[in-house]
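> Sequence plus predicted model, see below.
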Amino acid sequence: MVKTKEFTLIDLEDIKLFINGEWVTAESNSFFSLKNPSTGEIVTEIPRGGRKEARNAIEAASTAFPKWAALTAYERADYLLKLKDLMLDNEAELASIMSIEMGKAYSEARGEVKYAASFLTWYAEEGRRIYGETIPASVSNKRLFVVKQPVGVIAAITPWNFPLAMMTRKLGPALAAGCTGVVKPASQSPLSAFAFAKLVELAGIPNGVVNIVAGATGEISDEIFENPEVKKISFTGSTEVGKKLVEKSAPQLKKLALELGGHAPFIVFEDADLEKAAEGALASKFRNAGQTCVCANRIYVHEKVKDDFAKILVEKVKQLKIGNSLDETVQIGPLVNEQGVQKVEEHVLDALAKGAVVLQGGKRYGEKGCFYEPTVLGNVTKDMKIMKEETFGPVAPITTFKDDQEVIREANDTIYGLAAYLYTSDISRAVKVSEALNFGVIGLNDGVPGTAQAPFGGMNQSGYGREGGHQGIKDYLEEKYISLSL
Ligand code: SIN
């Protein structure tokens, strides 16, 4: 852990936006406060960028684009790998910064730095494999080709729950493809983005290739959507906001990738290894204190093994250490803010009023900060809010089922379709149920399926587009068909 006074990548006394390779204040000269959710103390003041700063950043990205696009994939890969090395060299500091701004437990934040860096490695390599095509012509005097070219300037609107990993999951493929861009980090976690910008500078990435503008979300996003220079936008956030962005993208038909909300079912069949299933539920549900889009939100356990599973899970949850996110031994940090805690409380109270029982936890924790105890609820039924809406907190609701068809029906009964999990030792059940679940990511006996080399994204109202894997670079490329008449 690095003490805040020892930060070298950012100066908490003087936070600035990063535009065209320069550190600048917002023209409005206004600021917003960033609070540490572990203590409630103000960490620093962030310049409130607006339309003007977004426009400058887009202009810088647009000016930088032709030169960056003209580099070879090998040259761009060298920059990305240098940036990855710098991230890993600064893992402790990046983790501390993330931890104080949005409350991720320090040890987990270190894991996120590695996860974030892995997207740079993967796309540095993948950029070298952007292959075109030749197509057999139907006449002898023609040759037909398809070439792939970067779309141009892109914008990445990133969430607070994975401040670094969601940025590199977007920027990695964009930069590898030859695009330049603007990042609008979430207002709850801009410091990680500025620390990353410092590394972009240290990696020698040319000015204007990466720009970071925090501040007035509405103004910045209006500029991003209205400025014709921006060709593609990748957004991670709520389904509600995603729908508004679809409307905003229509006038210019901007390419859009949306990684939106989820409400993941987690199914434990009677033949599952219960120890492994409970371990998976712990990882999926309590990662980032329950604040991930892929968190298990509804735990369906076969009625024959419900009590055994609940007992093992409760024992594991009891062991989780909650506390100040900077403490290296803590596993559950605070929630991102007071609204986050209130939503969790609302879901738990609603469930209890409708007949759920607390098996573990069930209340706020501590005198200060935004903590909620890691919680397990039993007797949960489908009429409860927690079974329909994203809780985004450390609450594991357990319900039961009798047969496969019933649980598949219940699991699919949601507007979302991001991630689903199932635990079974029956291979044909594993295949059949995986195929029947309408979700973009399936954790089959696996509580944490996300990885740089695999496609990540949702079905239904969890959005569209895929990030990660070879699929993740596609949206940053135009396919151009060239017909040559000899
Ligand atoms: C998310 O919750 O949006 C990301 C989770 C992951 O990449 O595993």
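Cool, got the structure.

> okay, CA-based contacts and neighbour counts for the rest of this
Will do.

> just for this protein, where's the confidence low?
By pLDDT under 70, the chain has no low-scoring segment.

> can we see that at 80?
1, 3-5 (pLDDT under 80).

> What sits closest to the residue most central in space within it if chain neighbours are left out?
Centroid-nearest residue in the chain, with C-alpha atoms, centre = their mean: residue 166, separated by 4.3 Å. Nearest residue to residue 166, sequence neighbours excluded (C-alpha to C-alpha, 6 or more residues apart in numbering): residue 158, at 6.2 Å.

> Can you give me the neighbour number for that neighbour?
28 (other C-alpha atoms under 10 Å).

> That one and residue 179, how far apart?
From residue 158 over to residue 179 the distance is 17 Å, taken as C-alpha to C-alpha, to the nearest Å.

> ok, which residues in the stretch 151-300 of the chain are in contact with the ligand?
Contacts of the stretch 151-300 of the chain with the ligand, taken as C-alpha under 6 Å from any ligand atom, map to 292-294.

> Contacts made by stretch 244-254 with the rest, please.
In this structure, residues lying in contact with stretch 244-254 by C-alpha atoms under 8 Å, 6 or more residues apart in numbering are 225-226, 228, 230-233, 255-256.

> First-to-last residue distance for it?
End-to-end for stretch 244-254, by C-alpha to C-alpha: 13 Å.

> Tell me the residues of the stretch 301-450 of the chain that contact the ligand?
residue 450.

> In the stretch 301-450 of the chain, which residue sits nearest the ligand?
At 4.2 Å from the ligand, residue 450 is the closest residue in the stretch 301-450 of the chain, using C-alpha to the nearest ligand atom.

> okay, now that residue: neighbour count?
17.

> The spatially closest residue to it that is not a sequence neighbour and the ligand, how far apart?
Using C-alpha to C-alpha, 6+ apart and skipping residues adjacent in sequence, the residue nearest residue 450 is residue 456, 7.1 Å away. Distance, residue 456 to the ligand, by C-alpha to the nearest ligand atom, to the nearest Å: 7 Å.

> Kindly report the same for residue 222.
Residue 222 is 23 Å from the ligand, by C-alpha to the nearest ligand atom.

> Next, that residue: secondary structure please.
Three-state assignment for residue 222 (DSSP: H, G, I helix; E, B strand; the rest coil): helix.

> quick one: it and residue 167, what's the gap?
For residue 222, the distance to residue 167 (C-alpha to C-alpha) stands at 20 Å.

> With residue 453 instead?
16 Å.

> higher neighbour count, those two?
The residue with more neighbours, out of residue 453 and residue 167, is residue 167; 25 against 18, by other C-alpha under 10 Å.

> and that one, what helix or strand is that in?
Assigned by DSSP states H and E, residue 167 belongs to helix 165-177.

> For the stretch 301-450 of the chain, just list every one of the helices.
Assigned by DSSP state H, counting those that start in this stretch, the helices in the stretch 301-450 of the chain fall at 306-319, 338-353, 404-412, 427-436.

> In TSV: those helices, plus mean neighbour count.
Converted to TSV, these look like this (neighbours: other C-alpha atoms under 10 Å):
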stretch	mean neighbour count
helix 306-319	16
helix 338-353	18
helix 404-412	16
helix 427-436	13
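
> The residue nearest to residue 166 touches residue 167, doesn't it?
Yes. At 6.1 Å, residue 158 and residue 167 qualify as touching, with contact defined as C-alpha atoms under 8 Å.
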